[in-house]
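Visitor: coords please:
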Amino acid sequence: MPNFEPRVKGKEQPSSTPTPRRPSPAAQSLAGQAETPNVPAALRPGRRFRWWHAFTGVVAVLALIAVGLGWKILRVGSTVFGGTNHTSTLGQLGRLIVPGDRALLQDDNGRTNILLVGYGGPGHEGPYLADTIILASLNQTTNDVAMLSIPRDFLVELPGFGYRKINNALAFGRTDEHPEGGDALITKAVQDVTGQTIHYFARVDFNGFKQAVDTLGGLDLTVDNPFIDTEYPTYNYGYQTIRFAAGAQHLTGEQALQFSRSRHGNNGEGSDFARSARQQKLLFAFRERALSAGTLTNPGKISGLLDALGSHVNSTFELWEVARLAQIAQDLTPDKVVTRVLDATVPDSLVRAGTGTDGAYIIQPRVGLGNYLELHELAANLFPLNTVAKEHVSVQVQNATGETGLAETVGHTLRGFAYDILSIGTPKGVRYDQSVIVDLSNGRAPQTVATLQRKYGASVTTSLPTDIQLAGGKPLTANLNRNAAPTNPQVILILGTSAVAIVHSTTPPAARNLPAASST
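Guide: Model prediction:
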């Protein structure tokens with residue numbers, strides 16, 4: 001680089017006047033002291049000049065980083081976050097800077113549904129088989145979030161393919177050139193199963209997930225159940241042994257992938273249902289690290305995340321929608337997150353395991369193949385049912401209809417939705433036309449009472465009817481949570497004849513014309 005020196009007056013046009021002798025260094029020092037008495041060296045004019053240039057340089061570098069990072073965000077945004085209409089880069093920029101009064105897409109209940117799909121990607125066996133399927137719902141009124149995991153072996157009807165495992169939907173749409181495409185095909189399948197409208201879709205492959213976790217510096221989480229998996233797949237289609245100890249753990253990208261994918265662990269961790277619960281835990285840990293100050297103020301980490309997103313993620317979000325979600329997620333706490341897994345291994349689960357015609361392991365609704373009424377009800381009520389589970393009040397079901405076995409049927413059904421069914425009974429010679437809920441909880445079970453009231457069109461009273469015995473009934477068959485004789489229930493559901501049609505109805509609960517509910 002050329003060395004630019006200050007030009008000296010008279011140097012370009014030599015003069016015949018003799019050049020004055022320069023003062024000695026000692027004289028210069030004395031002169032400087034006389035001209036700038038008691039001025040610190042760092043504040044002398046020459047030093048100020050150099051500090052100003054240093055400051056200007058730092059600002060310039062930061063500006064260049066900001067411009068480069070901003071351009072990368074826009075470049076990635078136009079491909080990964082292009083929205084359903086693939087909005088242009090300039091359009092993305094305009095909506096990001098001036099979002100206006102636009103809100104995230106939502107249904108009539110203020111709920112935004114997002115389908116999250118994880119898959120292997122190129123280089124993995126079955127590269128486009130969906131490995132993770134989660135319906136994430138945001139309640140925009142309360143900013144609560146619910147996550148419902150759907151097993152990859154769940155049997156659904158795919159147009160043109162018949163009943164197949166739901167994890168095939170993404171692959172069929174890509175490899176078989178299905179006209180709807182893989183993303184649309186798996187979205188439709190999840191909508192059929194849950195009865196929920198999917199507003200947004202996002203999928204990521206294994207390599208993108210690993211790269212993103214490593215870019216963040218790993219994830220911190222607590223392993224509740226230690227396990228060993230001796231059949232975890234290697235990258236050359238063999239097997240290896242992986243281990244996870246109980247307690248607080250720091251996971252690299254590869255370890256996080258292993259934690260989420262393991263299917264043959266011991267200690268109760270060898271099922272898809274246990275795996276789904278681990279995946280939900282990882283998502284929350286990822287959110288914690290991604291939205292931490294250490295990430296948001298680190299251009300290198302942001303750039304690395306964008307690199308991971310750019311080639312491994314596809315979604316229907318626009319950039320401004322991602323920014324809005326991130327803003328909401330920053331205020332999210334664990335107590336505002338509802339997690340649910342369709343687990344066939346728990347008593348009275350809404351799904352059951354079976355064997356397909358080809359001998360393969362499958363999952364289907366407990367009420368029959370292709371019958372999603374109960375799953376629709378579960379998905380629609382994820383938030384209130386979570387509150388029911390937290391209230392944890394004992395419920396007794398009394399059958400005052402005359403139909404044999406109805407109380408036991410209803411008891412098993414309700415337990416599948418998270419109600420704590422203590423016992424069932426059939427009062428002799430007692431008949432009710434309308435169902436009645438007896439609330440003896442002293443106000444400790446408002447959501448339990450409200451959801452049962454809506455479900456059965458019941459009236460509510462806080463006084464025990466004279467024809468109903470408080471301690472009547474017997475433990476529900478196979479009630480593994482009750483080893484001793486039943487104690488007094490806190491809520492009693494008395495089924496009236498109006499409940500018979502409700503119990504056997506094939507109409508979705510939201511569309512039923514239930515009897516008017518009242519309180520007494």
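
Visitor: And the helices in the stretch 201-350 of the chain, which stretches?
Guide: Secondary structure of the stretch 201-350 of the chain (DSSP state H, counting those that start in this stretch): helices located at 206-215, 253-261, 272-290, 293-296, 299-312, 319-330.

Visitor: Of these, which is nearest Ala353?
Guide: The closest of the helices of the stretch 201-350 of the chain to Ala353 is helix 272-290. By C-beta to C-beta, the value is 9.7 Å. For glycine as for every other residue, the C-beta is placed from the backbone atoms N, C-alpha and C.

Visitor: And the closest one, what does it pack against?
Guide: Counting by 3 or more C-beta pairs under 8 Å, 6 or more residues apart in numbering; DSSP states H and E, the packing neighbours recorded for helix 272-290 are strand 130-139, strand 144-149, strand 219-223, helix 253-261, strand 337-341.

Visitor: Make JSON lines from those and add mean pLDDT, distance to Gly182 and mean neighbour count to it.
Guide: What follows is those, written out as JSON lines (pLDDT from 0 to 100; distance: least, C-beta to C-beta, whole Å; neighbours: other C-beta atoms under 10 Å):
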{"stretch": "strand 130-139", "mean pLDDT": "94", "distance to Gly182": "9", "mean neighbour count": "22"}
{"stretch": "strand 144-149", "mean pLDDT": "92", "distance to Gly182": "20", "mean neighbour count": "22"}
{"stretch": "strand 219-223", "mean pLDDT": "94", "distance to Gly182": "28", "mean neighbour count": "17"}
{"stretch": "helix 253-261", "mean pLDDT": "94", "distance to Gly182": "20", "mean neighbour count": "20"}
{"stretch": "strand 337-341", "mean pLDDT": "90", "distance to Gly182": "24", "mean neighbour count": "21"}
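
Visitor: mind giving me a markdown table with those and columns for distance to Arg324?
Guide: A markdown table is the format used below for these (distance: least, C-beta to C-beta, whole Å):
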| stretch | distance to Arg324 |
| --- | --- |
| strand 130-139 | 10 |
| strand 144-149 | 14 |
| strand 219-223 | 24 |
| helix 253-261 | 26 |
| strand 337-341 | 18 |
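
Visitor: so which of these comes closest to Pro159?
Guide: Closest approach to Pro159 among the helices and strands packed on helix 272-290 is made by strand 130-139 (16.7 Å; C-beta to C-beta).

Visitor: Which strands and helices lie in contact with the closest one?
Guide: Looks like strand 130-139 contacts strand 111-119, strand 144-149, helix 168-175, helix 182-194, helix 272-290 (3+ C-beta pairs under 8 Å, 6+ apart).

Visitor: For Val449, which of the ones you listed is the nearest?
Guide: Ranking those by proximity to Val449 (C-beta to C-beta) places strand 144-149 first, at 20.4 Å.

Visitor: what's the angle between that closest one and helix 182-194?
Guide: Counting by axes from the mean of the first three to the mean of the last three C-alpha atoms, to 10 degrees, strand 144-149 lies at 100 degrees to helix 182-194.

Visitor: who's in contact with the helix or strand following strand 144-149?
Guide: Going down the chain from strand 144-149, the next helix or strand is strand 155-158, by DSSP states H and E. The contact list for strand 155-158, computed with C-beta atoms under 8 Å, 6 or more residues apart in numbering, reads 163-166, 168-169, 172, 185, 189, 192-193, 356, 362-364, 369-370.

Visitor: Emit the PyMOL select command for whichever of the residues you listed are buried.
Guide: To isolate the buried members of these in PyMOL, using 16 or more other C-beta atoms under 10 Å:
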select buried, resi 164+165+166+168+169+172+185+189+192+193+362+363+364
